[in-house]
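Engineer: A structural model of the following input is requested.
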Amino acid sequence: MTIQKIIVSKDFEDYIPEYLEDIQAKVDLIKTISTSKDFTMINEICHKIKGSAGGFGFDKIGEYVTQIENCISGNDLKAIDDILQKIEDHLGTIEVVYE
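Structural biologist: Numbering: from 1, shown residues only. Model prediction:
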């Protein structure tokens with residue numbers, strides 16, 4: 001996998017490691033929730049991720065979450081699971097550079 005360098009303001013340096021752990025925790029939570037098909041809760045979690053991802057410069061994560069939101073309307077759990085895997089894969093390739 002190719003390393004994805006993400007440039008983030010030094011002002012956020014103390015928050016980013018915890019933020020990325022929180023994203024992984026939310027991905028895990030969505031996986032758990034998806035078994036009960038609680039699409040409302042999945043949408044709420046995705047909305048929160050999308051808002052913060054853009055603010056911190058993690059645009060790709062925001063794009064993936066938007067894709068999940070689009071899958072919710074079709075109740076497409078398989079597609080949601082596939083996108084969650086893409087997020088996890090992406091998280092494994094991120095190198096944060098603080099400037």
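Engineer: For this structure, just list every one of the strands.
Structural biologist: Secondary structure of the chain (DSSP state E): strands at 4-8, 94-98.
Engineer: Dump the ones you listed into TSV; add distance to residue 66 and mean pLDDT as well.
Structural biologist: The way it works is simple: take the backbone N, C-alpha and C, and place the C-beta from them, glycine included. As requested, these are exported to TSV (distance: least, CB to CB, whole Å; pLDDT from 0 to 100):
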stretch	distance to residue 66	mean pLDDT
strand 4-8	18	95
strand 94-98	18	97
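Engineer: Can I get those in CSV including mean neighbour count and distance to residue 15?
Structural biologist: Putting these into CSV (neighbours: other CB atoms under 10 Å; distance: least, CB to CB, whole Å) gives the following:
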stretch, mean neighbour count, distance to residue 15
strand 4-8, 14, 9
strand 94-98, 12, 11
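Engineer: Of all those, which one comes closest to residue 51?
Structural biologist: Across these, residue 51 has its closest neighbour in strand 4-8 (16.2 Å, CB to CB).
Engineer: rewinding a little: so which of the strands of the chain is nearest residue 17?
Structural biologist: Closest to residue 17 of the strands of the chain, according to CB to CB: strand 94-98, at 8.2 Å.
Engineer: Columns distance to residue 80 on top of the strands of the chain, output as a markdown table?
Structural biologist: Output for the strands of the chain, formatted as a markdown table (distance: least, CB to CB, whole Å):
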| stretch | distance to residue 80 |
| --- | --- |
| strand 4-8 | 22 |
| strand 94-98 | 21 |
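Engineer: looking at those strands, which is closest to residue 31?
Structural biologist: Closest of these to residue 31 is strand 94-98, at 19.7 Å (criterion: CB to CB).
Engineer: C-alpha coordinates for the closest one, CSV please?
Structural biologist: Output in CSV follows, covering the C-alpha atoms of strand 94-98 (Å, rounded to 0.1, in the frame of the first residue of the first chain):
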residue,chain,number,x,y,z
ILE,A,94,-1.9,7.5,6.7
GLU,A,95,1.3,9.4,7.6
VAL,A,96,0.4,12.7,9.3
VAL,A,97,2.8,15.6,8.7
TYR,A,98,2.4,18.6,11.0
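Engineer: All set now, cheers.
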